[in-house]
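Enquirer: build me a model:
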Amino acid sequence: MPQYDVAILSDLRYPGGNSASIVAEVRAQAAAGLSTVLVHLPSPHLKHARPFQSRIVACLRDGLADLAHDDGAEITARVLLIRQPRIFTEEPAAVPKIRAGHTIVVLNQPPGDERHRQCYYVFDEVRERVERLFGGDVVWAPISPHVRENVLQVAPRAALPDTDWHEIIDVADWAGDRVREPGPVPVIGRHGRPDAVKWPRDPGELLQAYPDSPEFKVRILGGGEIGVRRLGRLPRSWDVVEFGAESPEEFLRTIDFFVYFHDPDLVEAFGRTILEAMASGVPVIVGPHFRSIFGDAALYTDPAGVRGVVRRLHADRPAYRAQADRARKFVSERFGSASHIARLASLGVMPRGVARALTAPGATRALAGPGVSRALAAPGVSRALAASGVSRALADRRRIGRPARKVLLVGDDVARFRAIARRLPPGLEAVVVAGTAGLADAHAAGLLTEYLPDAADLGVPPARWTAFVRDRLRHLVELYGPRAVLVGGLPHDGILAAIEDHPLTRWLWLRPAMWRRGAGGEWAARGAAFAGILEPGEFATAGDEGWTTTARSGVSTVDPITDLPDRITRRDGDDTLLCRGVEATVPGFRVVEAGAAELGEVTLAVSRADYTSFHELLGARVPTVFVPDPEAADDELARARFAAAAGVAVCATDDEAAAAELERLAGPAARAALTRRCAELSFANGAGDAAAWLAGHCRGRAEAQAEEVDRAGHR
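Expert: From the prediction side, this is the model:
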């Protein structure tokens, strides 16, 4: 069986919200070009034989997901999502073999209700069973504040992510062509699976919420017979529709208000039907306990207040339309498909096109697939990406319980970020904020990450991207409260706007040197926006003719920053050729890939002269032919020529010259000469000094904030 991006394990027979949530995520993943496999595991609570839920069957029929075969074969996936913890209240008869990079149990039902905190499942028992079956790195992710509160009441020491693995919905599927205006008699409605706990227990409250009056019409899809049984009669104003007789999408187009009240003992996990009504443009009236989930997108009252709210809004059509628009916008921004794609992307789960671009030789940027581009460019995408805070927590559970002392490293300069992050002092932890070009590398290094796509990935104009970056960084600064933010690369307009928003945060610039002559000088003045500037050293600094050589005020420098091991031993073995950004072959040599830690085993290399490759290969004393890219922002040609003049490497400016030099270096004597010369002119690794410089600014953050507050008080 192939490796999948996402495996979803659940009982695929469950009706209602569980299946609807699975289908929503499957559809979002398919639209973004991600592969999904569904794994069926029977729940001990569904005793009677029943088929898979019809919407699940439709997904499989339409090819949006595969169904795992019950043949004992191992399934591999980058992420395993386990939905419905009640499946594991008993030992499963057969456990699917699943190997996944991340395993998340989506807690879409609380352990209990107001009467009995663990009447549905005993959290610690389920946790022990799941972790024994699927490994100890399982992350337990509640779907709402209600579930989180219930879990922490019964398991106060449970390690939960900072944010919820909330439900999602494709607003376009629900909005349809709704043009309905309320008629002279307002229509109140509700829909959902038939379940007694989904209804008010008291008959009086039931009739307050769903009146038997000629002033109102009431339509009920699913469960109406429960209300009728509790009242002992069918109210004349009620139109009860059997569950499944109409689709929820069709039903919601026939009502003016969605009103939902339930048994007072029920702890409602989320309220997916509420989400569907909002996406359909129907104003929602619910109890105040839903405010923590839906904010201003819903109207809150008790059953006795329903009539008054309906009358007021029915009489005020502008207010009615404004409430409907506000709810639909809220759902699109907070719970749209983009939020799910973002949290998967922050786990390194991206469409095939992106993954290929990230691993292609010489790739300089990754282009997201059209599904991702559309999702990420949707209105409110910055709030959608904020949901990746859940995925950030999933990427490294070890952080739970640590003091929140973070530094944000912003940009795609992941190689230098990785080198600095690994050398930070204890108690200070880095979070890499990168686009698609750097996200996979950061994940591979085991760093915490947040996703910040560039304008090309989103397919948006520069002005909109600037606003997006500002909004995204504002959220991340508020989320992490970082001791400092280190910006690698170019401080573009979105960065400067974020700095203006958070003047008390310590903003620093990891400024690249070795610019091509006459290029990039417009960035010089932007250094004034930063509390500190650090410039990584260049072995070829004597050949640097760029603008940074004269803009030295307030700039700290360190030796070249690499992630090389402290000691590198050159080893003889098979003749191997490492290609970085350049394709080549040498007769008798085997082409290999190698990171910084494996360079001691590389016999020969051909590479572009970008900062990281240049300094890693020279620092590891690898005989190298540098083929500079004349279009690069930094001066690769000057680097390569300086290395050749120093005798530590060879410079070739075209493929024919590179092939000739590689053929010459196939001889052991020529390679040995370069290795000896590299050892004679070796340079120190500035990563440790860079980490110390960053840590020093973090220690001074509190003092800087106090000074700023004091200055503000005297203005």
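Enquirer: which SSE is immediately downstream of the helix or strand that contains residue 672?
Expert: Element membership for residue 672, per DSSP states H and E: helix 668-680. Scanning forward in sequence from helix 668-680 by DSSP H and E, the next helix or strand is helix 687-699.
Enquirer: what mean pLDDT would you report for the helix holding residue 672?
Expert: Mean per-residue pLDDT for helix 668-680: 94.
Enquirer: what's the neighbour count on the closest residue to residue 141 other than its chain neighbours?
Expert: Spatially, and ignoring its direct neighbours in sequence, residue 141 is nearest to residue 165 (3.8 Å; CB to CB, 6 or more residues apart in numbering). To be clear about C-beta, it is placed using only N, CA and C from the backbone, and glycine gets the same treatment. Residue 165 has 28 neighbouring residues, counting by other CB atoms under 10 Å.
Enquirer: pretty sure residue 165 is touching residue 142, no?
Expert: Yes. Using CB atoms under 8 Å, residue 165 is in contact with residue 142, at 7.1 Å.
Enquirer: coming back round to it: so which bits of the helix holding residue 672 are buried?
Expert: Neighbour-count burial for helix 668-680 flags 671, 674, 677, 678 (criterion: 16 or more other CB atoms under 10 Å).
Enquirer: dump the C-alpha coordinates for that helix into CSV.
Expert: Only the C-alpha atoms of helix 668-680 are listed here, as CSV (Å, rounded to 0.1, in the frame of the first residue of the first chain):
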residue,chain,number,x,y,z
PRO,A,668,43.1,11.5,-5.9
ALA,A,669,46.1,13.8,-6.0
ALA,A,670,44.1,16.8,-7.2
ARG,A,671,41.4,16.3,-4.6
ALA,A,672,44.0,15.9,-1.8
ALA,A,673,45.6,19.2,-2.7
LEU,A,674,42.2,21.0,-2.2
THR,A,675,41.5,19.2,1.0
ARG,A,676,44.9,20.2,2.4
ARG,A,677,44.5,23.9,1.4
CYS,A,678,41.0,24.0,3.0
ALA,A,679,42.6,22.7,6.3
GLU,A,680,45.2,25.4,6.1
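Enquirer: how close does the residue nearest to residue 141 sit to residue 339?
Expert: Noted for residue 165: a distance of 10 Å to residue 339, by CB to CB, to the nearest Å.
Enquirer: same deal with residue 166?
Expert: In terms of CB to CB, residue 166 sits 7 Å off from residue 339.
Enquirer: out of the two, which sits in the busier spot?
Expert: residue 339 (28 against 22).
Enquirer: the helices in the stretch 401-550 of the chain, which residues?
Expert: Secondary structure of the stretch 401-550 of the chain by DSSP state H, counting those that start in this stretch: the helices cover 414-421, 436-444, 455-458, 462-480, 493-501.
Enquirer: so for the second one, mean pLDDT?
Expert: Think helix 436-444. Rounded mean pLDDT across helix 436-444 is 74.
Enquirer: from the contact counts, what lies against it?
Expert: If you count contacts as 3 or more CB pairs under 8 Å, 6 or more residues apart in numbering; DSSP states H and E, helix 436-444 packs onto helix 352-359, helix 414-421, strand 429-434, strand 448-451.
Enquirer: swap in the fourth one?
Expert: Using 3+ CB pairs under 8 Å, 6+ apart as the contact definition, the elements that helix 462-480 packs against are helix 381-386, strand 406-410, strand 429-434, helix 455-458, helix 493-501.
Enquirer: recalculate using a threshold of 7 Å.
Expert: Using 3 or more CB pairs under 7 Å, 6 or more residues apart in numbering; DSSP states H and E, the elements in contact with helix 462-480 are helix 381-386, strand 406-410, helix 455-458, helix 493-501.
Enquirer: residues of it that come out buried?
Expert: Those would be 465-466, 468-473, 475-477, 479-480, for helix 462-480 by 16+ other CB under 10 Å.
Enquirer: cool, and the last one?
Expert: By neighbour count on 16+ other CB under 10 Å, the buried set for helix 493-501 is 494, 495, 496, 497, 498, 499.
Enquirer: could you dump the residues you listed into a markdown table with pLDDT and distance to residue 689 added?
Expert: Shown next, in a markdown table, are the buried residues of helix 493-501 (pLDDT from 0 to 100; distance: CB to CB, whole Å):
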| residue | pLDDT | distance to residue 689 |
| --- | --- | --- |
| 494 | 93 | 29 |
| 495 | 95 | 24 |
| 496 | 95 | 27 |
| 497 | 94 | 31 |
| 498 | 94 | 27 |
| 499 | 95 | 25 |
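Enquirer: which one of those residues is nearest to residue 121?
Expert: residue 498 (43.4 Å; CB to CB).
Enquirer: thinking again about what came up before, so can I have CSV of the buried residues of helix 668-680 showing distance to residue 152?
Expert: Shown next, in CSV, are these (distance: CB to CB, whole Å):
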residue, distance to residue 152
671, 61
674, 61
677, 62
678, 57
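Enquirer: among those residues, which one sits closest to residue 318?
Expert: Nearest to residue 318 among the buried residues of helix 668-680, with distances taken as CB to CB, is residue 678, at 74.3 Å.
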